[in-house]
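Undergrad: I would like to see how this sequence folds:
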Amino acid sequence: MKSFETPKRSDAYLINEDYMKNLLRVLRAREKQVQMGGGEKAIARHHERGKLTARERIEALLDKDSAFLEIGLFTAWDMYEEYGGAPSSGTIFGVGKIHGRDCVIVANDATVKAGAWFPITCKKNLRAQEIAIENRLPIIYLVDSAGVFLPMQDEIFPDKEHFGRIFRNNAVMSSMGIPQIAAIMGFCVAGGAYLPIMSDEALIVEGTGTVFLAGAHLVKAAIGEEIDNESLGGAQVHSELSGVTDYRMPDDTTALQTVRDIVSKLGTNTRAGFSRIESVAPRRPAADLYGLMPKDRSKPYDTYELLACIADDNEFVEYKADYGRSVICAYARIDGWAVGIVANQRSIVKDGKGEMQIGGVIYSDSADKATRFILNCNQKKIPLVFFQDVTGFMIGSRAEHGGIIKDGAKMVNAVANSVVPKITFITGNSYGAGNYAMCGKAYDPRFIFAWPTAQIAVMGGAQASRTLLEIRIGQMKKEGKEISKEDQEAILREIHERYDSQMSPYYAAARLWVDGIIDPVDTRDVISHCIRIADSNPDLPRFNPGVIQT
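TA: Have a look, this model is predicted:
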C-alpha cells in the first residue's frame, strides 16, 4: 500500500470532519429514539407486568461484555406513520455470544403495538433466519407478539416471502441441524403459535406466556365458548395438559438463564477455516476517515487513504495495480483475517493508455480486473469485502464500442456466483448497475452496511430530477398545458426533495436494503465480527462461475 502521513488539518479536512460528526450526531440521536421502542410509558407498563423489555432480555442472554451485532435497528424508520409508526418494526435481532458461541437472537418488542407483525417485520424475521442458515448459527426466539397487524394482513399473509415462510424456514433449519430454541414470554397467537412449537425446544413463562391458535375473544365469537386466555393456553395448560411446551418457567430471568444453559450444552462444529493471524493496527487512525470523506460527494478523493485506516498494516498486496485503476483489488488482512478487497477508486486516474478515468466509474478494464480477482478469491477461499462509492459503468460510444456491457456482465456474473462470504459497505454513492456489480443487496452479501454518507438510487439526484422533470413537462404539454419557468423550478425542487429522501441511508435501512448504518470508525470491527460469524459455516458450495465471455 502507499505510504501516507497523518493528513494536515486543512480547511477542507476540517469541513469534512465537521460534516461527518454532524451526521453521526444525528445517527446517535436516532438510535436512542428507536431503542426506546414504544416509549417510556409503554416500557413502564411492561415492567409493571413483571416482564423484561426485549432489549433487557437480549442483554440477559448474552455473555457479559460481549459485542452484539444488531441488524435492522432502523427497520420501518418513517414507515407506517398512519398507524403511529413501528420503531425497529417491533422486533429486535442480531448476533451475539452465549457461552462463547455465536447465536442469532430474535426478540419481539411488545412495547410496540403489542409486538404485532407489520409487513417489514416479516422481512426482518426472514433476514434473521437467512443469517442463521447461511452461517449455521443457533437461533433463539424470544416470543412476545400479538400476531399479524390486521389492518395490513393482505401484505403479510399469503405470498412466498410473507408470514408462512417463517414456519417453512423453521422446518428447513430443523432438517439442516440448526438448533432453534423459543421462549414464550408473552402472547403467541394464531399462525405465530407455530414458530415456537416448530422450534426444537420451547419454554413458557408462567403468568405472562400464552400460546393458542385463537384467543379467548375469538373463541367466544366463533364457537360460543367462554374461557380466559390463561385457562385456554397458559403455562400450566401447555406444560401439564397439552404437552406443547417443554419447560415451565416462573419468570423471564429464569427462562433466559435456562436458554443459556441449553446453549452451553450444544455440540461444536468444524469451522470454515478462513485464514487469520495476529492482528496489526492500520497505518492510520480510524478517526482520519471523518476528514477524508468529502462533504461534497462529487469531489474526488483517494480511496487508498480510506483503506489505510481499515486494513492491517502488515499485508496489502494489490492485484493488477497498474491496470483498471478505477477499481482497487487487493489481498489484505483486517484484524488478522485474510480478505480480498474490491473498492471503487474515487480519485481521477490514468488508464494504461495515459487517458484520464473519472473516479467512481467502472470502466471495461476495471470490470475485467475485478472479475478475475473475484474468481481468484473464490479459488483461494478468501472472503470478499466490497467498498462501494460508485456512480455506475462508463457510458458513451467509446465505452459501448469497447464492450462495456460484456465486461460489466462478466463482473456481475462473478459476484453473483461467488461462494465465499461477501461483506459490503456503501460509503458514498451507490448508483444503478454499479450497485449490482459491487455486491449490492440483490447479490446476497452475507452482511451489508452503510456509512451515514451513503446514497442508494438508480442514478444521482440531479440527473434523475432533471429526467423526471422532462417527463412531467412532456405529459403536461400533451394535455395542452403551458408551464412557466417558475413552475418548472418549483416542480424540480419538489422532485429533487422527494428523490433525495429516497436516496437516504435511513430510507434504505428502513426497508432492509442494508443491515444497518454504522460509524465509519467501526468498519474494521464490523468486518472482523462478520467474518468470525461466517467462519461458523464450514460448508462452502463448489464454485462454478458459469459462462464468462472473454
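
Undergrad: hmm, residue 182 and residue 202 touching each other?
TA: Yes. Counting by Cβ atoms under 8 Å, residue 202 does reach residue 182; the two are 4.8 Å apart. Glycine gets a C-beta too; all of them are placed from N, C-alpha and C.

Undergrad: list residues touching both of these two?
TA: Common neighbours of residue 202 and residue 182, counting by Cβ atoms under 8 Å, 6 or more residues apart in numbering, are residue 196.

Undergrad: of the two, who's got more company?
TA: Just comparing residue 202 and residue 182: by other Cβ atoms under 10 Å the higher neighbour count belongs to residue 182, 27 against 24.

Undergrad: check which helix or strand covers that one.
TA: Element membership of residue 182 [criterion: DSSP states H and E] is strand 180-189.

Undergrad: how much space between residue 269 and residue 534?
TA: 13 Å (Cβ to Cβ, to the nearest Å).

Undergrad: between the two, which one's more packed in?
TA: The neighbour count for residue 269 versus residue 534, taken as other Cβ under 10 Å, is higher for residue 534 (25 against 12).

Undergrad: residue contacts, the more buried one?
TA: Listed by Cβ under 8 Å, 6+ apart, the contact set of residue 534 reads 134-135, 272, 274, 383, 421, 446.

Undergrad: try it again at 7 Å.
TA: Contacts of residue 534 were listed using Cβ atoms under 7 Å, 6 or more residues apart in numbering, and they are 135, 272, 383, 421, 446.

Undergrad: same deal with residue 318?
TA: By Cβ under 7 Å, 6+ apart, residue 318 lies in contact with 328, 330.

Undergrad: next up, phi/psi of it, please.
TA: Recorded main-chain torsions at residue 318 are phi -80, psi 130, according to degrees, to the nearest 10.

Undergrad: the helix or strand hosting residue 409: which residues count as buried?
TA: Of the helices and strands defined by DSSP H and E, residue 409 is found in helix 404-417. Buried residues in helix 404-417, counted by 16 or more other Cβ atoms under 10 Å: 404, 407-415, 417.

Undergrad: same question for stretch 250-263.
TA: Of the residues in stretch 250-263, those with enough neighbours to count as buried (16+ other Cβ under 10 Å) are 251-252, 255-256, 258-260, 262-263.

Undergrad: residue 129 contacts residue 170, correct?
TA: No. Here residue 129 lies out of contact with residue 170, judged by Cβ atoms under 7 Å, at a distance of 8.0 Å.

Undergrad: so where's the longest helix in this structure?
TA: Scanning the chain for the helix with the most residues, using DSSP state H, yields helix 11-35.

Undergrad: sorry, back to before: pLDDT and secondary structure added to the buried residues of stretch 250-263, as a markdown table?
TA: Shown next, in a markdown table, are the buried residues of stretch 250-263 (pLDDT from 0 to 100; DSSP: H, G, I helix; E, B strand; the rest coil):
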| residue | pLDDT | secondary structure |
| --- | --- | --- |
| 251 | 97 | coil |
| 252 | 97 | helix |
| 255 | 98 | helix |
| 256 | 98 | helix |
| 258 | 98 | helix |
| 259 | 98 | helix |
| 260 | 98 | helix |
| 262 | 98 | helix |
| 263 | 98 | helix |
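
Undergrad: can you tell me which of the residues you listed is nearest residue 59?
TA: Proximity of the buried residues of stretch 250-263 to residue 59 was ranked by Cβ to Cβ; the top entry is residue 256 with 9.4 Å.

Undergrad: now that closest one: closest residue in space, sequence neighbours ignored.
TA: With Cβ to Cβ, 6 or more residues apart in numbering as the criterion, residue 256 has its nearest non-adjacent residue at 4.6 Å, and that residue is residue 60.

Undergrad: who's in contact with stretch 47-54?
TA: 37, 43, 46, 60, 92, 107-109, 111, 142, 185-186, 208, 251-252.

Undergrad: ok, residue 202 - contacts?
TA: Residues in contact with residue 202 (Cβ under 7 Å, 6+ apart) are 182, 184, 196, 245-246.

Undergrad: just among the residues you listed, which is most surrounded?
TA: Among these, residue 184 has more neighbours than the rest - 32 neighbours, counting by other Cβ under 10 Å.

Undergrad: I'd say it and residue 204 touch.
TA: Yes. With contacts defined as Cβ under 7 Å, residue 184 counts as touching residue 204 at a distance of 4.3 Å.

Undergrad: mutual contacts of the two, please.
TA: Among the neighbours of residue 184, those also in contact with residue 204 (Cβ under 7 Å, 6+ apart) are 211, 245.

Undergrad: of the contacts of stretch 47-54, closest to residue 483?
TA: The shortest separation between residue 483 and any of those is 46.8 Å, and it belongs to residue 37 (by Cβ to Cβ).

Undergrad: picking that back up, redo the contacts of residue 202 as JSON lines? Include pLDDT.
TA: As requested, the contacts of residue 202 are arranged in JSON lines below (pLDDT from 0 to 100):
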{"residue": "182", "pLDDT": "97"}
{"residue": "184", "pLDDT": "97"}
{"residue": "196", "pLDDT": "90"}
{"residue": "245", "pLDDT": "95"}
{"residue": "246", "pLDDT": "96"}
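
Undergrad: and of the residues you listed, the nearest to residue 455?
TA: Ranking the contacts of residue 202 by separation from residue 455, with Cβ to Cβ as the measure, puts residue 182 on top at 39.1 Å.

Undergrad: name all residues that make contact with the closest residue to that closest one other than its chain neighbours.
TA: Taking Cβ to Cβ, 6+ apart, and ignoring the residues beside it in sequence, residue 182 has residue 196 as its nearest neighbour in space, at 3.3 Å. Taking Cβ under 7 Å, 6+ apart as the contact definition, residue 196 lies against 141, 143, 182, 184, 188, 202, 211.
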